[in-house]
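Participant: A structural model of the following input is requested.
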Amino acid sequence: MNVKGADNGDMEVTLDDIIMTTICILLKENQRLGRVDYALSSGGAIVVSHSEPFIIGKVRLWFRKISLTTVYKDSKKMLKPSFKESSQCFPLKGNSGFVQIRLRTTIIPEAITLEHKAVGYERSNAPKNCRVYGWHQGHDADIGVETGKMFLLAEFSYDLEKSNAQTFNVLDSVGSGLVDTVRLDFKSNHGSPSHTCIYRSQVHGHEPTSVSMLATQS
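Facilitator: Numbering: from 1, shown residues only. This next block holds a predicted model:
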């Protein structure tokens with residue numbers, strides 16, 4: 001594939017070049033936050049459920065006719081770098097809603113990062129008051145812990161006056177609880193009555209050792 005260089009001349013770009021560029025972007029993202037993202041789609045995380053998406057036109061009518069358990073294709077946008085582009089978000093109908101995410105593996109959660117687009121765009125659709133819940137649903141067959149018990153990980157407000165990516169530590173009460181599924185609930189946004197945009201949601205933590213797993217079970 002040919003692209004234009006800085007001098008407007010053609011440059012040959014291979015698939016390997018694209019892959020390496022993508023890897024560099026992801027590495028820089030992790031270095032910026034200093035934490036691993038277990039909700040990254042390229043690592044295996046997926047959206048498994050969500051409230052009604054904000055869709056305009058015929059696609060909206062189609063989505064309403066199919067099963068309520070169907071996951072809308074744009075939901076994966078919130079699990080990968082958005083590069084702050086206005087179209088690279090997952091829009092949900094109204095000023096409240098939820099998204100449920102299956103993490104790439106079981107972890108002991110430490111923090112949640114929520115990201116919205118930069119200043120200069122309409123930001124009334126940014127989520128405001130949020131709660132994040134977590135539980136272990138048992139996707140890892142080799143981890144024998146109790147499944148299905150949901151608990152509150154974090155409660156916070158996204159502040160438009162602060163940085164685009166805002167990180168919130170989990171509650172002390174969480175301790176060493178194991179989770180492989182999280183649910184982001186936003187109870188309000190910054191003013192938009194029609195929809196709320198989720199640009200990116202990240203879940204940070206560390207994978208449990210056998211010692212920490214035994215401590216959790218006891």
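Participant: Only C-alpha atoms from now on, for both contacts and neighbour counts.
Facilitator: OK.
Participant: mean confidence for stretch 138-154?
Facilitator: Averaged over stretch 138-154, pLDDT sits at 71.
Participant: okay, how far is it across that stretch, tip to tip?
Facilitator: Distance across stretch 138-154, first residue to last, is 21 Å (Cα to Cα, to the nearest Å).
Participant: Mind checking what helix or strand follows the single longest strand found in the chain in sequence?
Facilitator: Taking DSSP state E as the criterion, the chain has its longest strand at strand 97-115. Downstream of strand 97-115, the first helix or strand assigned by DSSP states H and E is strand 129-135.
Participant: Using CSV, write out every CA atom in that following strand.
Facilitator: The C-alpha coordinates for strand 129-135 follow below in CSV (Å, rounded to 0.1, in the frame of the first residue of the first chain):
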residue,chain,number,x,y,z
ASN,A,129,-22.0,10.1,38.0
CYS,A,130,-20.9,6.5,37.7
ARG,A,131,-20.7,3.3,39.6
VAL,A,132,-18.7,0.2,38.6
TYR,A,133,-19.6,-3.2,39.9
GLY,A,134,-17.6,-6.4,39.5
TRP,A,135,-18.0,-10.1,40.1
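Participant: so what strands line up beside whichever helix or strand comes after it?
Facilitator: As assigned by DSSP H and E, the chain's next helix or strand after strand 129-135 is strand 151-157. Strands that pair with strand 151-157, judged by DSSP bridges, come out as strand 129-135 (antiparallel).
Participant: Contacts for the partner strand, please.
Facilitator: 147-158, 178-189 (Cα atoms under 8 Å, 6 or more residues apart in numbering).
Participant: and if we set it to 6 Å?
Facilitator: Outside of strand 129-135, the residues within contact range by Cα atoms under 6 Å, 6 or more residues apart in numbering are 149-157, 179, 181-188.
Participant: cool, and stretch 92-103?
Facilitator: Stretch 92-103 has contacts (Cα under 6 Å, 6+ apart) with 38-39, 45-54, 180-189, 193-196.
Participant: what bridges to Phe168?
Facilitator: Ile112.
Participant: Check Lys93 too.
Facilitator: His195.
Participant: And for Val179?
Facilitator: Ile107.
Participant: Run a quick neighbour tally on Glu161.
Facilitator: Glu161: 7 surrounding residues under other Cα atoms under 10 Å.
Participant: Sorry, wrong one. I was asking about Ser188.
Facilitator: With other Cα under 10 Å as criterion, Ser188 counts 20.
Participant: Same check on Thr14?
Facilitator: Counted with other Cα under 10 Å, Thr14 comes out at 10.
Participant: OK, contacts around it?
Facilitator: Going by Cα under 6 Å, 6+ apart, the list of residues near Thr14 is empty.
Participant: Phi and psi next, for it.
Facilitator: Torsion angles at Thr14 (phi, psi; degrees, to the nearest 10) stand at phi -100, psi 170.
Participant: Against Pro81, how distant is it?
Facilitator: Thr14 is 22 Å from Pro81, by Cα to Cα.
Participant: same thing with Gly138?
Facilitator: For Gly138, the distance to Pro81 - Cα to Cα - is 27 Å.
Participant: So, low pLDDT: which residues of the chain?
Facilitator: 1-11, 18-33, 57-69, 82-87, 118-121, 139-147, 210-218 (pLDDT under 70).
Participant: ok, now with 50
Facilitator: Low-confidence segments of the chain (pLDDT under 50): 2-6, 31, 58-59, 61-63, 65-67, 211-212, 214-215, 217-218.
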